[in-house]
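Trainee: compute the structure for the input listed below.
(chains A, B, C and D)
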Amino acid sequence: MEIDIIISDQPLDVQSCLNKVADNAAGGIDIFVGTVREWTRGRKVVRLEFEAYEKMAVQEMRKIAEKAVDEYELCKMAIYHRVGRLDIGEIPVIIAASAPHRGAAFEACRYAIDTLKETVPIWKKEIFSDGEVWVSATP
Amino acid sequence: MEIDIIISDQPLDVQSCLNKVADNAAGGIDIFVGTVREWTRGRKVVRLEFEAYEKMAVQEMRKIAEKAVDEYELCKMAIYHRVGRLDIGEIPVIIAASAPHRGAAFEACRYAIDTLKETVPIWKKEIFSDGEVWVSATP
Amino acid sequence: MNVNILAFGITKEILGSRSLNLDLPLDNGATVEDLREYLFEKYPELKKLNSLGIAQGTVYAQDDDRLNPAEEIALIPPVSGG
Amino acid sequence: MNVNILAFGITKEILGSRSLNLDLPLDNGATVEDLREYLFEKYPELKKLNSLGIAQGTVYAQDDDRLNPAEEIALIPPVSGG
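Mentor: Residues are numbered from 1 along each chain as shown, chains lettered A, B, ... in the order given. Next up, the predicted model:
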């Protein structure tokens, strides 16, 4: 199967994602790994919480992967997203693209993460020691 | 240490490379993984053989990583290259870059693999069922 | 018109529930935009959001799409995955 | 001038050895370009390569750099890593 989409409340594994996109026709694989930063906009993060409208999020992630495979002539693409509580350094998202040539793999990964952040119904709450905020919700 | 350079005749491990560049200040990590393709220019590959001028290759790889860390304001960068015999699907190269923001990680990885292919003294021989060729050596 | 609404992220906190059954004072020709206006009136905090999308049947709806009470309707505040 | 040459990739096959000691008919002012010309004459197959770089002390040398027999000198045919 050329596309693999996962939303999980368990830690995401980069090696599994890589194995899913490995392909004898691929000369290059690009993998984007999001990680939880300790500081954001000058405030120290305690943890993040991700919530998804899972049924729809999986559909939107699949749309992104299908378009990427088609447009960049990929061998395979995988998009994994974590939900629930995440500590500093943990991985909210992994995107992997394999392609005969490396340029396509890079461009597809970048397209996928940029688009995921715009269209996929997943929400991130930043928890600080003195409050919390749903990211991008209000001005 | 913000830069990790390895040339090895043992299989390269993506998870180790990821662990090396993980950083609490990083919001994104990009990893490029080269893989041995089964077909190249219409010919079926039996295996590849990589040879390095190791002392100089490590220096040139370090130059690339130092320039990338500096230019793209990375947290960390790792460049691993395999030497010896590789079968289809094996990994000749892994490049990983962590950065506060994802754009820098993508651009740094791409810069690094593009430059590595131009400047690092490593040579690839493609072995086919009916012959072999040092890649790019002759017109 | 009676609809079931799912609310996520900050909208879940504003509505006080992830899932809500609403009796709307709207007739069968009501649109997505009518629902949004109704919600803005009932939950004025929603007006402070940068955007408020509405999905119907797990697909982003347009403002002039007709509401279909048989479908799952969801409030989509600004997304922030990744 | 007596120099030690390392050869990699296709140059190793052309020279028949990874490491070679050469007695060059060149004086102490000889340059990298002089060495390349000497090698082209002695191993004409080298002329068929897309390029032939020379490193001295593990650093790419320029054509007009002087040869330093105390340094490690290496033949760098077109690289193809990655």
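Trainee: flag every residue of chain C that's near chain A.
Mentor: Contact residues, chain C versus chain A (C-beta under 8 Å from any C-beta of the partner chain): C:6, C:8-10, C:12-13, C:48-50, C:55, C:58-59, C:74, C:76-82. C-beta coordinates here come from the backbone N, C-alpha and C atoms, glycine included.
Trainee: can you tell if the lowest-mean-pLDDT helix or strand in chain A touches chain B?
Mentor: None of the helices or strands of chain A scores lower by mean pLDDT, DSSP states H and E than strand A:39-40, at a mean of 92. Yes - using C-beta under 8 Å from any C-beta, we find that strand A:39-40 touches chain B at A:W39.
Trainee: show me which residues of chain A sit near chain C.
Mentor: A:34, A:50-53, A:55-57, A:59, A:81, A:92-93, A:113, A:116-125, A:134-139.
Trainee: could you pick out the buried ones from those?
Mentor: Listed as buried from the residues of chain A next to chain C are A:34, A:50-53, A:56-57, A:59, A:81, A:92-93, A:113, A:116-117, A:119-125, A:134-137; burial here means 16 or more other C-beta atoms under 10 Å in any protein chain shown.
Trainee: among those, which are within reach of chain D?
Mentor: Counting by C-beta under 8 Å from any C-beta, the subset of those that neighbours chain D is empty.
Trainee: ok, the lengthiest strand in chain A: who's next to it in the sheet?
Mentor: Ordering each strand of chain A by length in residues (DSSP state E) puts strand A:43-52 first. Strand A:43-52 has the following strand partners under DSSP bridges: strand A:39-40 (antiparallel), strand A:84-86 (antiparallel), strand A:122-128 (antiparallel).
Trainee: possible to save the ones you listed as TSV with distance to A:P100?
Mentor: Listed next are those as TSV, based on distance: least, C-beta to C-beta, whole Å:
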stretch	distance to A:P100
strand A:39-40	38
strand A:84-86	34
strand A:122-128	31
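Trainee: of those, which is nearest A:A65?
Mentor: Nearest to A:A65 among the strands paired with strand A:43-52 is strand A:122-128 (15.1 Å), distances taken as C-beta to C-beta.
Trainee: got the CA coordinates for that closest one in PDB?
Mentor: Taking Å, rounded to 0.1, in the frame of the first residue of the first chain, the C-alpha atoms of strand A:122-128 are listed here in PDB:
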ATOM      1  CA  ILE A 122      -6.200  18.600  15.000                       C
ATOM      2  CA  TRP A 123      -5.800  21.100  17.800                       C
ATOM      3  CA  LYS A 124      -2.800  21.800  20.100                       C
ATOM      4  CA  LYS A 125      -3.100  23.200  23.600                       C
ATOM      5  CA  GLU A 126       0.100  24.600  25.100                       C
ATOM      6  CA  ILE A 127       0.300  24.200  28.900                       C
ATOM      7  CA  PHE A 128       2.500  26.700  30.700                       C
END
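Trainee: quick one: mean pLDDT for it?
Mentor: Taken as a whole, strand A:122-128 carries a mean pLDDT of 98.
Trainee: same check on stretch C:63-72?
Mentor: Across stretch C:63-72, the average pLDDT comes to 95.
Trainee: ok, back up a step: out of the residues of chain C next to chain A, which are buried?
Mentor: Buried, going by 16+ other C-beta under 10 Å: C:6, C:8-10, C:12-13, C:49, C:55, C:58, C:74, C:76-82, out of the residues of chain C next to chain A.
Trainee: among these, which are located in helices?
Mentor: Secondary structure assignment by DSSP state H places C:9-10, C:12-13 of these in helices.
Trainee: would you format these as CSV with pLDDT included?
Mentor: Below are those laid out as CSV (pLDDT from 0 to 100):
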residue, pLDDT
C:G9, 98
C:I10, 98
C:K12, 98
C:E13, 97
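Trainee: and the nearest residue to A:D9 once chain neighbours are set aside, bridged to which residues?
Mentor: The spatial neighbour of A:D9 that comes closest, neighbours along the chain excluded (C-beta to C-beta, 6 or more residues apart in numbering or on different chains), is A:G84 at 4.2 Å. Assessed by DSSP bridges, A:G84 has beta-bridge partners A:F50.
Trainee: list the residues that contact A:G84.
Mentor: By C-beta atoms under 8 Å, 6 or more residues apart in numbering or on different chains, A:G84 lies in contact with A:9, A:49-50.
Trainee: run the last query once more with 10 Å
Mentor: Going by C-beta atoms under 10 Å, 6 or more residues apart in numbering or on different chains, A:G84 touches A:8-10, A:48-52, A:90.
Trainee: just the pLDDT for it.
Mentor: pLDDT recorded at A:G84 is 98.
Trainee: look up how far A:G103 lies from it.
Mentor: For A:G84, the distance to A:G103 equals 35 Å [C-beta to C-beta, to the nearest Å].
Trainee: contacts for stretch C:24-34, please.
Mentor: For stretch C:24-34, contacts defined as C-beta under 10 Å, 6+ apart pick out C:1-3, C:5, C:35, C:37-39, C:42, C:53-56, C:60-69, C:73.
Trainee: just the ones of those residues in strands?
Mentor: Under the assignment DSSP E, the contacts of stretch C:24-34 contribute C:2-3, C:5, C:53-56, C:60, C:73 to strands.
Trainee: low-confidence ranges in chain C?
Mentor: For chain C, applying pLDDT under 70 flags no range at all.
Trainee: get me the contact residues on it for chain B.
Mentor: Contacts of chain C with chain B, taken as C-beta under 10 Å from any C-beta of the partner chain, map to C:G82.
Trainee: list the beta-bridge partners for residue 31.
Mentor: Picked chain A for this. Going by DSSP bridges, A:I31 is paired in beta bridges with A:A96, B:I31.
Trainee: wait, I meant chain C there
Mentor: Judged by DSSP bridges, the bridge partners of C:T31 are C:R66.
Trainee: neighbours of it, just the number please.
Mentor: By other C-beta atoms under 10 Å in any protein chain shown, 17 other residues sit near C:T31.
Trainee: how far away is it from C:A74?
Mentor: On the measure of C-beta to C-beta, C:T31 and C:A74 end up 16 Å apart.
Trainee: which ones are touching residue 9?
Mentor: Chain wasn't specified; assuming chain A. Neighbour list for A:D9: A:50, A:52, A:82-85 [criterion: C-beta under 10 Å, 6+ apart].
Trainee: looking at chain C here, not the other one
Mentor: So C:G9 contacts A:49-53, A:121-125, A:134-137, C:49, C:75-80 (C-beta under 10 Å, 6+ apart).
Trainee: which stretches of chain A have low pLDDT?
Mentor: Ranges of chain A meeting pLDDT under 70: A:1.
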